[in-house]
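Enquirer: next input, structure requested:
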Amino acid sequence: MIAAGLACAAAPASQTTRMIPAGVSVAGVRVGSLSAEPARARIEAAFARPVTIGYRGAATVVSPEQVDATLSVDAAVSSALAATPRSRIALPVRYSQQKVAKVVASLARRYNRPAVNAKVTGALAAGPTFEPARAGIAVRVTTMRAAIAQRLRDGNRAPLELLTATVRPTRTVAHFGPVIVVTRGANILTLYDGRRVVRTFPVATGQAIYPTPAGVWSIANKQRNPWWYPPTYDAWAKGLKPVPPGPGNPLGTRWMGLTAPGVGIHGTDADTSIGYSASHGCIRMHVPDAEWLFERVPVRTTVVIL
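Expert: Below you'll find the predicted structure:
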């Protein structure tokens, strides 16, 4: 009995479990005063949580598996055990940049809204009427990729707010540019800059049997010194021959073709018809007036015919 007691007294004391110094954190996760395994479990649990991205009350959840995020916990725990108190240790995290980019691209497809330019809807006595422009929204793709990457490296997993930028329309009512309004009853063409009158011209519009079509159109093409070709679909032009540029050309020296089929704004060799409903559907102008207008209205200029 005495020998056994002496043997027990001589046995070495069990080793003390190593503890992480107080105040140590790994990527924002507090592990101070923990041993290795509890620290490992806490870190893994923190980084298993998804990244949440919020926008206007909706939330998108991105799991670490979705972007192939992996982390080196062993290295972090070893560093924590060897750290001085209150140290902050970074945690190496790997992830797929391509998959993060795919997540952000999906958010962009969901939330991007293109800007809408102002457009002419018609005209009144006071001038053109407009549908106003609307600003759009674009996800800030590069910034969001970096923000998600940062959250993947941060064990706190604080929610992200989706970052967007305003997309300005390229055309507003205030800076709309040229608009043409043709008033058939008065045989008047008015050029506007947005809502501001630039200049008014007398014109000839269509006869009752060949009316100039009312509506909102635009200039589809422009020609200097055009040929005139007789329309094949109208009986009045049957037997007529094409007319080359020069004196006697029914189109004068300028042609501005509209999206209304077969209709255009042009000069004329029938100068005395100006001011009357005398054409076969086109809008005739004095040749100098047509040349002046031609230089100031690009293709796609809106033309309202009342």
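Enquirer: C-alpha from now on. contacts and neighbour counts both.
Expert: Fine.
Enquirer: lowest confidence element among the helices and strands of this structure?
Expert: For the chain, scoring each helix and strand by mean pLDDT, DSSP states H and E identifies helix 2-10 as the least confident one, at a mean of 45.
Enquirer: and the next helix or strand past that one?
Expert: Using DSSP states H and E, the helix or strand that follows helix 2-10 in sequence is strand 25-26.
Enquirer: quick check: mean pLDDT across that next one?
Expert: Mean pLDDT, computed over strand 25-26, is 92.
Enquirer: chain center to it, what's the gap?
Expert: For strand 25-26, the separation from the chain centroid amounts to 42 Å (computed by CA atoms, centre = their mean, to the nearest Å).
Enquirer: remind me what it packs against, helices and strands.
Expert: helix 73-81, strand 88-89 (3 or more CA pairs under 8 Å, 6 or more residues apart in numbering; DSSP states H and E).
Enquirer: what residues does that strand touch?
Expert: By CA atoms under 8 Å, 6 or more residues apart in numbering, the residues outside strand 25-26 that reach it are 31-32, 43, 76, 80, 86-91, 155.
Enquirer: what subset of the residues you listed is buried?
Expert: Neighbour-count burial (16 or more other CA atoms under 10 Å) is assigned, among the contacts of strand 25-26, to 31-32, 43, 76, 80, 87-89, 91, 155.
Enquirer: closest to V141 out of the residues you listed?
Expert: Set against V141, the nearest of the buried ones among the contacts of strand 25-26 by CA to CA is G155 (23.0 Å).
Enquirer: could you measure from the closest one over to M144?
Expert: The gap separating G155 from M144 is 18 Å, by CA to CA, to the nearest Å.
Enquirer: try Y229
Expert: If you measure Y229 against M144 using CA to CA, the figure is 59 Å.
Enquirer: more neighbours, those two?
Expert: Set side by side, Y229 and M144 show more neighbours around M144, with 23 against 14, by other CA atoms under 10 Å.
Enquirer: any buried residues in stretch 28-42, and which?
Expert: Of the residues in stretch 28-42, those with enough neighbours to count as buried (16+ other CA under 10 Å) are 28-36, 39-40.
Enquirer: any chance you could list what contacts it?
Expert: The contact list for stretch 28-42 (CA under 8 Å, 6+ apart) reads 17-25, 43, 46, 73-74, 77, 80-81, 85-86, 88, 154-156.
Enquirer: are any of the residues you listed buried, and which?
Expert: Among those, those classed as buried by neighbour count (16+ other CA under 10 Å) are 19-22, 24-25, 43, 46, 73, 77, 80-81, 85, 88, 154-156.
Enquirer: please verify my assumption that A138 contacts R113.
Expert: Yes. Between A138 and R113 a contact is recorded at 6.5 Å, counting by CA atoms under 8 Å.
Enquirer: residue ranges in the stretch 151-300 of the chain under the pLDDT threshold?
Expert: Across the stretch 151-300 of the chain, the ranges flagged by pLDDT under 70 are 235-237.
Enquirer: what ranges do the helices span in it?
Expert: Counting by DSSP state H, counting those that start in this stretch, residue ranges of the helices within the stretch 151-300 of the chain are 287-294.
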